[in-house]
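I'll drop the sequence and a predicted model, then ask my questions.
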Amino acid sequence: MENKQNLLSKEKTTKQNRVWVRITAACNNKCLFCLDSDAQNWVLVKEDIVIQEISKWFKAWFENRVIISWWEASINPKFSEYIKYARELWYDRVQTVTNWNMFHSFDFCKKVVDAGLQEITFSFHWHNSTLHDYLVATPWAFNRSIKWLLNIKKYFPEVIVNIDIVVNKVNVAYLPDIVKFFMKFWVYEYDILQIIPFWRWFKEYKRKLFYNISENIEYLQKTWELSQIPWMYMWTNRFPAEAFEWYEDLIQDPRKMKSEVMWEAYLMFEEFIKSNWKIKPNCYGDACSVCFQKDYCHSYIENINTKKLDNIDTNDTIIISWEEFPSQVYEKYWDKIEDFKNKLKSFNKKLINIPKCLWWTWIYQTYNDIKQQDSLADYTYKYINNLYRIKSLNCKKCKYDKECKWIHINFIRSYGFKILEIIK
């Protein structure tokens with residue numbers, strides 16, 4: 001795979017102990033696409049709770065990173081104190097994600113940098129004031145932000161600056177231009193986030209903000225192409241994997257699904273699992289068609305009554321299980337597609353969990369014990385390990401498309417979609 005080194009470099013980063021700490025339930029922007037707008041109550045998280053969260057998740061002998069964020073953390077009066085506490089606790093990296101409204105003051109910037117803030121992720125969703133201010137529903141937001149992006153670069157060059165962009169119908173066609181614009185300011189790390197259909201904003205702005213990925217794949221691909229520039233570091237979040245053909249190193253780590261459902265949405269999904277689909281998530285319905293978690297939710301009902309393959313004759317079959325990291329895939333099957341396919345053929349047995357285009361005799365191993373072990377954590381673990389399978393957009397042309405259960409996402413991340421072949 002051409003992007004192997006990028007993939008392995010990201011793997012190293014994802015193995016960090018990353019701790020997200022919320023210190024406020026408020027924000028001084030009103031972004032049209034905000035997924036947490038209904039949960040904001042302008043309450044500051046109690047100091048003892050914040051201190052406890054920062055300290056209890058620190059792991060000795062790990063590389064530890066704390067992200068003091070969630071909504072707009074910088075408006076908390078104790079923001080710099082929490083940064084200082086994390087550094088004194090020996091966190092390797094202290095980071096925040098911000099809209100930068102508070103960073104318009106040089107004194108504020110100096111205070112938080114002196115306290116130990118090492119990395120700032122700044123939210124920009126356009127490269128001019130008119131539409132950026134429209135998307136964040138805050139006048140003068142763009143001009144203030146650009147000013148202090150430049151000042152951070154000038155006065156605090158030791159601070160790592162990166163940018164996140166929420167991709168939506170308004171900006172998707174200009175996404176490559178947005179990234180190129182901020183490259184002029186020597187920003188070479190980006191977090192590209194797909195808009196997600198949560199809460200009231202989906203109902204109010206569905207037609208204005210949500211777009212069809214396949215119809216806009218050209219603009220996404222032009223953006224992914226920029227990830228190949230030297231010194232560029234690009235992350236993506238909440239996109240369907242099919243959007244990354246030829247740029248599979250950008251596919252989000254499948255283990256990220258745990259944080260998506262085990263934090264903010266925990267109670268909603270836990271109730272859903274325990275009720276055996278009867279109490280559906282409050283986002284269920286129209287939102288499913290544009291949600292990256294659709295397969296996660298819908299796989300539960302599709303597999304809960306699936307017959308498990310018990311008493312498998314291991315003399316005649318081999319289960320091709322997932323591997324947690326691409327490095328483990330390469331260690332087991334080598335790093336070239338030809339070696340991977342030759343390894344599969346060398347087994348000379350029926351292969352479970354492998355599509356027909358890779359080996360003609362296949363069976364799928366699924367679970368019917370979700371009912372018996374009905375916790376959210378249990379299902380999420382099983383989904384990531386066994387049901388998190390994907391296919392290429394071109395697979396629709398294959399005569400086995402409807403019956404094929406695809407292939408685990410980490411094989412695609414490791415070798416690319418080109419391992420799959422269309423059978424006419």
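That came through fine. Residues are numbered from 1 along each chain as shown.

for the nearest residue to residue 284 once chain neighbours are set aside, what are its contacts?
Distances taken as C-beta to C-beta, 6 or more residues apart in numbering place residue 297 nearest to residue 284, at 7.3 Å, with adjacent residues excluded. (C-beta placed from N, C-alpha, C; glycine too.) Under the criterion of C-beta atoms under 8 Å, 6 or more residues apart in numbering, the neighbours of residue 297 are 272, 281, 284, 288.

Tell me which two in those residues are the farthest apart.
Maximum pairwise distance in those, criterion C-beta to C-beta, is 12.8 Å, between 272 and 288.

Looking at those two now, which is surrounded by more residues?
residue 272 (23 against 16; other C-beta atoms under 10 Å).

ok, now how distant is the residue sitting nearest the centre point of the chain from residue 256?
In the chain, the centroid-proximal residue (C-alpha atoms, centre = their mean) is residue 237; its distance is 3.1 Å. Distance, residue 237 to residue 256, using C-beta to C-beta, to the nearest Å: 7 Å.

and residue 62, that's in a helix?
No. Counting by DSSP: H, G, I helix; E, B strand; the rest coil, residue 62 falls outside a helix, being coil.

my guess is it contacts residue 90, does it?
No. The pair residue 62 / residue 90 is not scored as a contact, 10.8 Å apart, by C-beta atoms under 8 Å.

Between the two, which has more neighbouring residues?
Neighbour comparison, residue 62 and residue 90: the larger count goes to residue 62, with 12 against 9 (by other C-beta under 10 Å).

Which residue is the nearest non-sequential neighbour of that one?
Leaving aside its chain neighbours, residue 62 sits nearest to residue 17 (4.2 Å; criterion: C-beta to C-beta, 6+ apart).

does the one you found have beta-bridge partners, and which?
Legend: beta-bridge partners of residue 17 under DSSP bridges are residue 64.

got it, and residue 167?
residue 194.

Could you pull up the mean pLDDT of the host helix or strand of residue 328?
Using DSSP states H and E, residue 328 sits within helix 326-333. When pLDDT is averaged over helix 326-333, the result is 91.

Check which helices and strands it sits against.
If contacts are counted by 3 or more C-beta pairs under 8 Å, 6 or more residues apart in numbering; DSSP states H and E, helix 326-333 sits against helix 4-14, helix 337-347, helix 409-415.

Please identify the most buried of those helices.
Most buried of these, by mean neighbour count (mean count of other C-beta atoms under 10 Å): helix 409-415, with a mean of 24.

got the contact list for that one?
Contacting residues not belonging to helix 409-415 are listed as 1, 7, 241, 248-249, 251, 254, 322-326, 329-330, 335, 337, 340, 388-390, 419 [C-beta under 8 Å, 6+ apart].

In the stretch 201-350 of the chain, where is pLDDT below threshold?
By pLDDT under 70, the low-scoring segments of the stretch 201-350 of the chain are 201, 264, 304-312, 314.

go with 90
Along the stretch 201-350 of the chain, the model assigns pLDDT under 90 to residues 201-208, 214, 230-231, 255-325, 335, 345, 347-350.

what helix or strand does residue 271 sit in?
Counting by DSSP H and E, residue 271 is part of helix 266-274.

thinking again about what came up before, so the residue nearest to residue 284, which state does it fall into?
Here residue 297 is recorded as helix under three-state DSSP.

quick one: it and residue 353, what's the gap?
21 Å.

Buried ones among the contacts of helix 409-415?
Among the contacts of helix 409-415, the ones that count as buried by 16 or more other C-beta atoms under 10 Å are 1, 7, 241, 248-249, 251, 254, 322-323, 325-326, 329-330, 335, 340, 388-390, 419.
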